[in-house]
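Undergrad: Take this sequence and fold it.
(chains A, B and C)
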Amino acid sequence: MPELPEVETTLRGIKPHVAGQCLRGAVVRVQKLRWPVPPNLSELVAGQTVDDITRRGKYLLLHLTGQTLMLHLGMSGSLRIVPDEIPVGKHDHVDLLLDGKRLRLTDPRKFGAVLLLDHDPYASPLLAGLGVEPLSAELTGDGLRSRARGRFVAIKNFIMDQKVVVGVGNIYASEALFRSGINPLRACNSLDSKEWNRLVGDIRHVLTEAIAAGGTTLQDFTGSDGRPGYFRQELRVYGREGEPCSRCGAAIVQEKIGQRSSFFCPDCQK
DNA sequence: AAATTCTCCTGAAGGC
DNA sequence: TGCCTTCAGGAGAATT
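TA: Model (predicted):
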């Protein structure tokens, strides 16, 4: 499930192949992703240079000459650089054509997105309301504490809210809360300053470690080179229900919080 | 306004 | 072996 580390891994993998390249066109095989892919995408992007490629939250932004191509991997998407002659798979929905190779979006569950934005992409509705980048200095305990004031939503849902902080998904939310010793069901306004500071540090820490490991591969996530991510073995609670807590030995429990399965230690997460 | 539920999609896994 | 059900999840939309 691409969260920030998986998107960042993808960005770093494809950037050397894409930045500075001229787009020759695109192949759209499946239009029906989260939003319709522009059917005439090919003619719209042909001839434009990819000046830069950046990430905002879980979105990838290809800054073209006059527009911005916005990509989202949804929950099963991956981007890979492939040679022109490679066979097309069932879930290979969109190719961006470069010289002699292509950037291919593969997404079995079709929750991803390929959108072309005019003007300032950061003013678009999808990006304008996004929260702070967790790996930047914008993320502070005090900042989160003030955002949580007057709210009662579970802390796990709060840190997964992209309007609060971007990039933290279901896996890393559970992992960060475990490392902080905070029960995911706690109301977000019940954390004290010390807990907020600790949580901010652990969010940063777990995301940074995951990026260093190339992300987490659960089912079919691969980096742009086709290799899986190796952070899965570092997960301390996610997917480990019934296993002993690495800190206190109690059995890890699984519980749904806001429709999402969550994992935590009932003894040492207070 | 905030919180909760619904929805999209398909492959994997479990039940009988 | 095979069909059916359930689950997984990012996040906008709809609902409470």
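
Undergrad: Name the surrounding residues that touch stretch A:110-119.
TA: Taking contacts as CB atoms under 8 Å, 6 or more residues apart in numbering, the residues outside stretch A:110-119 that touch it are A:28, A:30, A:32-35, A:37-38, A:41, A:44-45, A:66-77, A:93-94, A:105, A:124, A:126. Yep, even glycine has a C-beta here, placed from its N, CA and C like the rest.

Undergrad: So stretch A:124-138, near DNA strand C or not?
TA: Yes - applying CB under 7 Å from any atom of the strand, one finds stretch A:124-138 in contact with DNA strand C at A:Leu126.

Undergrad: contacting residues around that stretch?
TA: Under the criterion CB under 8 Å, 6+ apart, external residues in contact with stretch A:124-138 comprise A:4, A:56-57, A:59, A:70, A:115, A:117, A:121-122, A:139, A:143, A:161-168, A:203-204, A:207-208.

Undergrad: May I have stretch A:45-55 exported as CSV, CA atoms only?
TA: Output of stretch A:45-55 as CSV, limited to C-alpha atoms (Å, rounded to 0.1, in the frame of the first residue of the first chain):
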residue,chain,number,x,y,z
VAL,A,45,1.6,15.9,-23.3
ALA,A,46,3.5,15.2,-26.5
GLY,A,47,6.4,17.5,-27.0
GLN,A,48,6.5,18.7,-23.4
THR,A,49,9.7,18.3,-21.4
VAL,A,50,9.6,17.0,-17.8
ASP,A,51,11.4,19.9,-16.1
ASP,A,52,11.3,18.2,-12.7
ILE,A,53,9.5,15.5,-10.7
THR,A,54,8.5,16.1,-7.1
ARG,A,55,6.3,14.6,-4.4
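
Undergrad: ok, and does it reach over to DNA strand C?
TA: No - using CB under 7 Å from any atom of the strand, stretch A:45-55 never reaches DNA strand C; the gap is at least 11.3 Å.

Undergrad: Return the distance of that stretch from the chain's centre.
TA: A distance of 21 Å separates the centroid of the chain from that of stretch A:45-55, by CA atoms, centre = their mean, to the nearest Å.

Undergrad: Give me the buried positions along stretch A:148-165.
TA: By neighbour count on 16 or more other CB atoms under 10 Å, the buried set for stretch A:148-165 is A:148, A:153-162, A:164-165.

Undergrad: ok now it, how far from the chain's centre?
TA: Averaged over its C-alpha atoms, stretch A:148-165 has a centre that lies 17 Å from its chain's centre (CA atoms, centre = their mean).

Undergrad: what about it, average pLDDT?
TA: Per-region confidence: stretch A:148-165 scores 96 on mean pLDDT.

Undergrad: Domains in chain A, by residue range?
TA: A:4-128, A:141-264 (automatic domain parsing).

Undergrad: weakest of these in terms of mean pLDDT?
TA: Here the lowest mean pLDDT among the domains of chain A goes to domain A:141-264, at a mean of 90.

Undergrad: Quick one: name the residues of chain A near DNA strand B.
TA: When proximity is defined by CB under 7 Å from any atom of the strand, chain A lies next to DNA strand B at A:32, A:34, A:90-91, A:108-111, A:150-154, A:157, A:219, A:258-259.

Undergrad: try 10 Å
TA: Taking CB under 10 Å from any atom of the strand as the criterion, chain A approaches DNA strand B at residues A:30, A:32-34, A:74-76, A:89-91, A:107-111, A:147-154, A:157-158, A:161, A:163-164, A:187-189, A:219-220, A:256-260.

Undergrad: Sort out which of the contacts of stretch A:110-119 are buried, if you could.
TA: Using 16+ other CB under 10 Å, the buried ones in the contacts of stretch A:110-119 are A:28, A:33-34, A:37-38, A:41, A:44-45, A:67-77, A:93-94, A:105, A:126.

Undergrad: Tell me which of those fall in strands.
TA: Members of the buried ones among the contacts of stretch A:110-119 lying in strands (criterion: DSSP state E): A:28, A:68-72, A:93-94, A:105.

Undergrad: can you give me the helices in the stretch 51-200 of chain A?
TA: A:125-128, A:141-148, A:155-160, A:170-180, A:193-212 (DSSP state H, counting those that start in this stretch).
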